[in-house]
Structure formats: structure tokens, C-alpha cells
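**Q** Fold the following for me, if possible:
(2 chains)
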2 protein chains.
Amino acid sequence: MTQRQSPTRSANGLAQPLGHASLRRANLALVLRHLREEGSCSRADIADSTGLHRATVSNLMAELLERGLVREVGTERAGAIGRPRRAVALDGSHVGALGMEINVDYIAVHGTDLSGRVLVERRIGFDAMGQGPDRSLAELGRVTRRVIGDMKRAGAFPGGIVVGVPGLVDSEGVVAFAPNLDWHGLPLADRLREELGGLPIPVSVDNDANLAALAEYTSGVAAGTSDMVSLTGEVGVGGGIIVGGRLLRGADGFSGEVGHLPVDPGGSRCGCGRVGCWETKVGFAALVRSATPDQAYGQDTGLDTGLNTGHIAAPTPDPEERVREIARGLADGDERTMGAVAEVGRWLGLGGSILANLFNPRVIVIGGYFARLAEQLIPPAQAQLEQLVIAGPAARCRFMASNLGFGAASRGAASMVVDHIMDDPTAIGSAPIAHNIAGQRI
Amino acid sequence: MTQRQSPTRSANGLAQPLGHASLRRANLALVLRHLREEGSCSRADIADSTGLHRATVSNLMAELLERGLVREVGTERAGAIGRPRRAVALDGSHVGALGMEINVDYIAVHGTDLSGRVLVERRIGFDAMGQGPDRSLAELGRVTRRVIGDMKRAGAFPGGIVVGVPGLVDSEGVVAFAPNLDWHGLPLADRLREELGGLPIPVSVDNDANLAALAEYTSGVAAGTSDMVSLTGEVGVGGGIIVGGRLLRGADGFSGEVGHLPVDPGGSRCGCGRVGCWETKVGFAALVRSATPDQAYGQDTGLDTGLNTGHIAAPTPDPEERVREIARGLADGDERTMGAVAEVGRWLGLGGSILANLFNPRVIVIGGYFARLAEQLIPPAQAQLEQLVIAGPAARCRFMASNLGFGAASRGAASMVVDHIMDDPTAIGSAPIAHNIAGQRI
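**A** Coordinates of the predicted model:
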């Protein structure tokens, strides 16, 4: 039984027995989150409201203080009865969360402190596909070291790094397959750790669409919606799925490959080699082909082998410019453009109804180019969805346009770091070590 | 923030701050599961190993004793140091878990005690569709009261009841739509509570395919596999999905409608009114039609409006007999039958690959008639799956035949009751009340 989780355990999830180490982590997390919700408290208050022994709380607090996650804040705030007692509060300011994304043609950075305050935000053009894995990793390492320095100067040493990649990433941080980067079995997490030369910062790697979904869940238009699907809308269509307030990962971390739903057996060939995949209907290349055929991508959608990536496979005319052009066409009332967008909207709704029947999400957030054309895409998509979803009106699911734009993945990566730290404060180096390391020239 | 769950919180899930009531529930659950894993312990040991204050543990223990969930077991077991101390142990024997299923043509019962020991197992033929909701509820109430009496005589008063229904069930226990029973917006949980005349037993209702998935997860061929899909194989094809060790429910409890994946736009009409749904290819009616056309179901699959039900919509020739006949055809090497089964296997693999791309399960467990014909169905299904899944060999997903047969849903319902009690021991009536009530004539 110890290997199993209860499929129906309560939201607070105390289903498994906790070993001593994991129990201590759980108690550290409990105290930390209590402080995040309640503000400053005395150790005695924390003991009373958590049911933990006071000695246990003092002991936990000593560790949180050493790790720079809490600070003494003098006496307890007004309203407390009895003699004033020394209180502690969450101190996010000295601990940073570094989110990165390396993609086909850029590296994006989003650095915050534990409170979510943005310290660094950057998007650097870089031809990762052209440069290959080794030079890409060297560049990623260089950018990462520089950003760590910037964050340190801003007063926050990163307590963790999460890197988003357009591909299939396993739980060990190995990129099993990133078609648009032509990476196969690349141990990205280990390689980046090497690049950081032994800095004691936990590094993990995740799929970019998963991280974008996390950003939508934590700070997007449907933030806090515990069952939602997030779609990246570019040449490839990636999906990130939030189920019961958690990111759906699957057995290997390969869930959410929505772009290759077979929706049209008689359709055109997809970059993945199959026929009639959803992204051959709703991917950006499909729209360009039907709206502005004179500017269509090279060989059909052959450029795209996008698996859950939401990025194009090869340097092409700036997609931004193409989207603007299509938007102009819509503004000018161009028949062909309006028809093409409406058709994409209908296919978006058909695929959305499949996702609604399987996941029963409350919201489907559409990003990338979908968001840019949302005004014209959502009405036909929503109509199609409502007509096709099995539960009918009972399942209230609606499309919403993302407002996060580019950088959603790196933003989600940073929020994942914050969650990692709140869930396991023991994972980060203690403050003294951090300062010592941060003192190095990086 | 308090409304949100962290999408990435740790397995022990202590992400949310806990209010006093939920904290007490969590601590009761922690102590209960500690006893389940560790066997008998002294209160002092529990305090030491959980970090809870000894007074808190004694207080929690008093409640668990009163509710009949633990018992004093004399002095601590050998190996303990210091003077012997009175120990307590989990006592599942006096608390029962009652799982029920009401379906098109039967009512099934699976009653256990907290330790999982089976006390009652029964399958009663009943034409629920013909009788309509009111008479069906009266019968369900009658059967339930009788079984409660049987369980009481076996020494275990039910600490909860979960009822499985072939349809869309919301979180309040209202059957939004059960097409094969022609139930619409039926408040089944409330109605059954009335039928039980105020017995203090929590009643909840769930989709039968979800409960079957739970049974597979807790006691099936792939028990403990934290990412799996379970398929019911009858005229309708229902799906239950386990994600990260939890049942996927979705925003309204309407997830897992796998039977109506659109796989063949040019295909035949489904009972749901759409064209080319997956169950028109792999549902039992489709197999019968192609394997033994002379015995095909009435109007195409028109009988079937199966939504996640895995049951037939109207009294028809015994499906058991039809399956045996098809098995005989395979044994005799009948060309038509073998071809029909192989074709169903290929469509099973195609639909399976869609589920694998979205959920990345480790196992797809096939029940109902699929399990009976697994030897011939799985090879073509597995080959198709491996050819179509995007992650390729990296995503190791295989089909397995269920060995739970009929009654999987009621078995899963009983295990859900056990989980409910372990997660929230406060939900069950205290032992004295239970005995008092159990003393009534029921």
C-alpha cells in the first residue's frame, strides 16, 4: 500500500503515511504556507493553529530562518492578547525563482523573488536549432550565470531553476525528443548543472506548453480555475492540462499531445508523418495557407514536426508579421481571410469538444496566434464546442484568449520554482551557503 | 490564493493552509493512516513520529475510539524500550464500506469492512430502465436497507455508501443524464438518503466507469499504477482515468467520455446522434454486427446512447451468450469472426493512441467483453497503439485485460467509501450512534 496513492484522498492529500524526512518537509511547508496566508505570527500561535508541538515549531523555524525563508519581525502585530511575543514572517525577498525557456529562435528569462516580484525579464534572440545542442547549452549556461548575477545584485539568490523546452521531457530532465530543435535524449538538467559549475541550485526541465499552462493557472485570464486546458497557437499546437488544480503529467511526462489528435483521416499530412492531425487544421501554417496562399509555408505543413511545442520548425518569415497581415485582412473585410479564420475557428471548436469530453475543463485558454485573432476565432469555436460536447450545457466550458503573450512558459517556470520551494523548503541551499556562492564571480 | 491549489505541490500535498476543522480532519487521517501502516503503537510513539503534541494525539485518539475506528490493544508490542505502554491499533472490523451499482438491468452490491474483508456481494436482476426512476429508487432503497442489516449482522455498520450509475453524475450526487436509464436531473443521493429514513450514513453517487477504474487501481491487474485508463467494453464504451494516483473528475465530474471520440467522420451514426464515434467501431454492437450480422442489434447501434456507461440501452438477447458465440467462432477459426475481432482490435488501438497522447497512461485496462476476447483483441490493438503514439517507444503504454469481471463498479464504490473514511474519519457517525441506529429494525 505504501507505494500507492489513494485515488480519492481529500484535497489536503494526507493519504500516504509520511516518513520522517518527508514528514519534516511537510511540516516545514505547512509552517511556511501558514505564514504566507496569515502574515506574521508568533511561534506559539503557529503551534496552536497547526497542532504541532511548540518545540517542533521552534526547531522548524530555526531551519526556515537559516534558509532565509522567514525573518524575525519584532513583536506580534496588534490584536494579540497577553504580553507581546516575538513574531516571524515569510521573507521571500532574498530567495529567487528563475524561470527560463529555450526555444527554436530565442531564450527567455523570468526571474522573481518568492513573493512573485519580477526581478529580471528578458527575451534573447538565439538560433537554437541552427546552433545545435552543445552550443545551445553553452549559451543557455552563459545566460543563466549572468541572470543569477543580476538576481543576486537585486538581492535574491535563486532557490531553483526550471527550464522550458519545446519537446517531450522526462521526469529526470532528459529531453527525450524535441523535434523542432532536433534534440534526442539530451540530459538537459544535468548538462545545465555542469554549466553552472556546482552552484547549489536545483535545476529541473519541463515541456514549454506545460509551463505555459501553469502560468495561465497562476496568473492568466483564468487564474485559479482548477480544471483548464491551455493551448499554444503557433505552427504547432501544444497543450498543457490542469486537472484538479494540478498539472497533468502522465506516466512519463508526455501528456497533452493535443496537436496530433486525428480529426480528419482524409486530410493533409502533418509534420509528424501522420494524416489529418488537429494542427494541420488549426496550426498557424494551415491558416496562412488558406488565408494568404501566396505566402504559404514551404512544403504544406512539412516544416512542422511540432510536438506539444507551439513553435515553428525552421526559420521562416516573421510569424508576427504574418499575424498582423491576417489581422489587417480581417479589418479590411477580406472574404478569403474571414472565411479561413472562421474555418479554423470551427476546427478549434471540434478539437476543443474532444478535450472537453475527456477532461471536462471549465476553460480552454488559447494562446499564441489564437489569442491575437480571438475575436474572430472564439465565436465559431464556442458554437462548435457547445454543439459537440456530450454533456451539453451541463458541462460549462468556454474558450478564453490568453493575455500572457510571449514569455508565458518562462513565467510558468518561475512560478513552478516558487511552488517547489513552498512544497520542499529543504531543497534550497541555506542562506549562508547561498551568499557564499553568490559571492563568487559568475 | 486560499481558493487555489498549487498545480505542482508535493505528493503529500500540504499546499493549502488548513483551517481548524480541516486541520483536525487531516490530523485524524494522519493518525489513522499511521496506524494502518505501522500496526499498533502507543500514543507517545504516534506523537513522536508525527510531530503532533501528545495532548493532541490523545484528543484525536479519543475521537477515533468513539467512532470505533481504533481499539486499545493492551501493552505495546515487543521491541519497545522503557516500561510497557498501552497501545492502540486500527480497528476496521466494526465499520463497513457499502458499494452499490444500479444499472440498466441489475443492482450490484459489494460490502466490506475497513480492512477490505468482503461481507456481502450480490447481483440482483432488475429492469431499472423499464421500472423508471421512482420504482428504481424504491427498489434501490429496499436492497440497501436489507444489505445494511446483513452487514450489521456481520458486525460492521456501514460508515458510508457510494452508488455507481451509468451516466453523468455531478458532485452533489445528482444524475444529470443517464441515457440508458432515461434519467434526467435525478437527485439520487438525496433520494436514497430519504429511502434510508435518516440513517446517519453518508451517501454519494458516481459514474460507474469511474468506479470501475478505481477498482482496477485498487485491486485490478494493474493495481497501484498511478497513471492508467480503464475502459468498459459493452455496447457503450466508458472510460475512467487515473492521473497521478487520483481519479480524474473534471470541473463537473463529466470527464472520461471516451466512447464518443470522433474517429471516423464518414462512419455510421452513434446512439448519441453524432457520426463515427469510437464506440460505433469498438462497442459490442459493432462487433456483433460485423461478426454475426444475422444477430445484429436492431437499428444499427441506435439502441446505444451509452455515455460513459458500458451498458446496453434496452433489454436484448443476453450479451453473455453473444460473447460466448463469438468466442466459439474464434475457436472454430471462423474467417468472418476473426476478421471482425481483428478490425475492432485495430480501432481499439487507434482510440487508445489518442488517450495515450493526451493522458500518457502506463496501462490501458480493458474490461467487459474486451476482456473476454483479449487474447485476439490485444495484439492488433497494441501494434496500432505503438505505431500511432507520438512519443513512440518512450511512452510505454500497454493494453491489459481486466480480471474483475462484472461487479467492478460496486467493488470500486466500496473502496471509495474506505478512502472517504480514511481521509475524513469525522464523516462517519460515532460508534454509539451507529449501534443505536443499527439496533433499529431495517
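**Q** per-residue confidence for the residue of the stretch 201-350 of chain A found nearest chain B?
**A** Proximity of the stretch 201-350 of chain A to chain B (C-beta to the nearest C-beta) peaks at A:Gly250, 2.4 Å away. Backbone N, C-alpha and C define where each C-beta goes, glycine included. In this model, A:Gly250 is scored at 93, pLDDT.
**Q** Now do the contacts for the closest residue to it other than its chain neighbours.
**A** Of all residues not flanking A:Gly250 in the chain, B:Asn360 sits nearest, at 2.4 Å (C-beta to C-beta, 6 or more residues apart in numbering or on different chains). Listed by C-beta atoms under 8 Å, 6 or more residues apart in numbering or on different chains, the contact set of B:Asn360 reads A:249-255, B:227, B:391, B:395, B:397.
**Q** Go through these and name the one nearest B:Val323.
**A** Comparing these against B:Val323 with C-beta to C-beta places B:Cys397 closest, at 25.7 Å.
**Q** Wait, that closest one touches B:Gln384, no?
**A** No - using C-beta atoms under 8 Å, B:Cys397 makes no contact with B:Gln384, being 11.9 Å away.
**Q** shared neighbours of these two, anything?
**A** B:Gly352.
**Q** of these two, who's got more company?
**A** When B:Cys397 and B:Gln384 are compared for neighbours, B:Cys397 comes out ahead with 27 against 19, by other C-beta atoms under 10 Å in any protein chain shown.
**Q** In space, what's closest to the more buried one - neighbours in sequence excluded?
**A** B:Cys397 sits nearest to B:Ala356 (C-beta to C-beta, 6+ apart), 4.7 Å away.
**Q** what does A:Gly160 give?
**A** A:Val417 is the one closest to A:Gly160 (C-beta to C-beta, 6+ apart), at 4.1 Å.
**Q** What distance do you get for the one you found to A:Leu114?
**A** Per C-beta to C-beta, to the nearest Å, A:Val417 is found 9 Å from A:Leu114.
**Q** The two: which has the busier surroundings?
**A** Just comparing A:Val417 and A:Leu114: by other C-beta under 10 Å the higher neighbour count belongs to A:Val417, 30 against 24.
**Q** Could I get the contacting residues of that one?
**A** Taking C-beta under 8 Å, 6+ apart, one finds A:97-99, A:158-162 in contact with A:Val417.
**Q** could you redo the last one with a cut-off of 10 Å?
**A** Shown in contact with A:Val417 (C-beta atoms under 10 Å, 6 or more residues apart in numbering or on different chains): A:95-99, A:110-112, A:114, A:158-162, A:201-204, A:427-428, B:8.
**Q** Might you specify the subset of those residues located within strands?
**A** Judged by DSSP state E, those include A:95-99, A:110-112, A:158-162, A:203-204 as members of strands.
**Q** Now, of those residues, which are buried?
**A** A:95-99, A:110-112, A:158-162, A:203-204 (16 or more other C-beta atoms under 10 Å in any protein chain shown).
**Q** which stretches of the stretch 101-250 of chain A form strands?
**A** For the stretch 101-250 of chain A, applying DSSP state E, counting those that start in this stretch gives strands covering A:106-113, A:118-125, A:157-165, A:168-169, A:175-178, A:183-186, A:203-207, A:228-231, A:239-243, A:246-247.
**Q** Turn these into a markdown table, including distance to A:Arg36.
**A** Converted to a markdown table, the strands of the stretch 101-250 of chain A look like this (distance: least, C-beta to C-beta, whole Å):
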| stretch | distance to A:Arg36 |
| --- | --- |
| strand A:106-113 | 13 |
| strand A:118-125 | 18 |
| strand A:157-165 | 15 |
| strand A:168-169 | 29 |
| strand A:175-178 | 33 |
| strand A:183-186 | 36 |
| strand A:203-207 | 22 |
| strand A:228-231 | 23 |
| strand A:239-243 | 21 |
| strand A:246-247 | 19 |
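**Q** will you turn those into TSV that also has mean pLDDT?
**A** What follows is the strands of the stretch 101-250 of chain A, written out as TSV (pLDDT from 0 to 100):
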stretch	mean pLDDT
strand A:106-113	93
strand A:118-125	91
strand A:157-165	95
strand A:168-169	90
strand A:175-178	87
strand A:183-186	92
strand A:203-207	95
strand A:228-231	97
strand A:239-243	96
strand A:246-247	92
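**Q** which stretch among the ones you listed comes nearest B:Arg24?
**A** Short answer: strand A:246-247, nearest of these by C-beta to C-beta, at 24.6 Å.
**Q** how about the closest one, does it reach chain B?
**A** Yes - counting by C-beta under 10 Å from any C-beta of the partner chain, chain B has neighbours in strand A:246-247: A:246-247.
**Q** Now the next helix or strand after that strand: buried residues?
**A** Moving toward the C-terminus from strand A:246-247, the next helix or strand (DSSP states H and E) is helix A:279-282. The neighbour-count check on helix A:279-282 (16+ other C-beta under 10 Å) flags A:279-282 as buried.
**Q** residues from the stretch 51-200 of chain A in reach of chain B?
**A** A:51-57, A:59-60, A:162, A:168, A:170, A:174, A:176-177, A:179, A:185.
**Q** Just the buried subset of those, written out for ChimeraX, thanks.
**A** The ChimeraX selection below is limited to those of these classed as buried (16+ other C-beta under 10 Å):
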select /A:51,52,53,56,57,60,162,168,170,174,176,177,179
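**Q** Show me the residues of the stretch 51-200 of chain A next to chain B that map onto helices.
**A** Per DSSP state H, helices hold the following members of these: A:54-57, A:59-60.
**Q** pLDDT weak spots in chain A?
**A** A:1-19, A:75-84, A:295-319, A:429-442 (pLDDT under 70).
**Q** wait, what's in contact with the most centrally placed residue in it?
**A** By C-alpha atoms, centre = their mean, chain A has its centre lying nearest to A:Leu211, at 1.4 Å. Residues near A:Leu211 by C-beta under 10 Å, 6+ apart: A:99-101, A:110, A:162-165, A:205, A:230, A:240, A:247, A:408-416.
**Q** Domain ranges for chain A, per the record?
**A** Residue ranges for each domain of chain A read A:7-90, A:95-210+A:408-438, A:223-403, as given by automatic domain parsing.
**Q** List phi and psi for the residue of the stretch 301-442 of chain A found nearest chain B.
**A** Relative to chain B, the nearest point of the stretch 301-442 of chain A is A:Asn360 (2.4 Å; C-beta to the nearest C-beta). The phi/psi pair for A:Asn360 (degrees, to the nearest 10) reads phi 50, psi 50.
**Q** and the strand or helix carrying A:Val365, is it in reach of chain B?
**A** Assessed by DSSP H and E, A:Val365 sits inside strand A:363-366. Yes - counting by C-beta under 10 Å from any C-beta, chain B is contacted by strand A:363-366 at A:Val363.
**Q** ok, that strand: who's next to it in the sheet?
**A** strand A:228-231 (parallel), strand A:398-401 (parallel) (DSSP bridges).
**Q** wait, which of the ones you listed is closest to A:Arg146?
**A** Between those, strand A:228-231 lies closest to A:Arg146; by C-beta to C-beta that is 29.8 Å.
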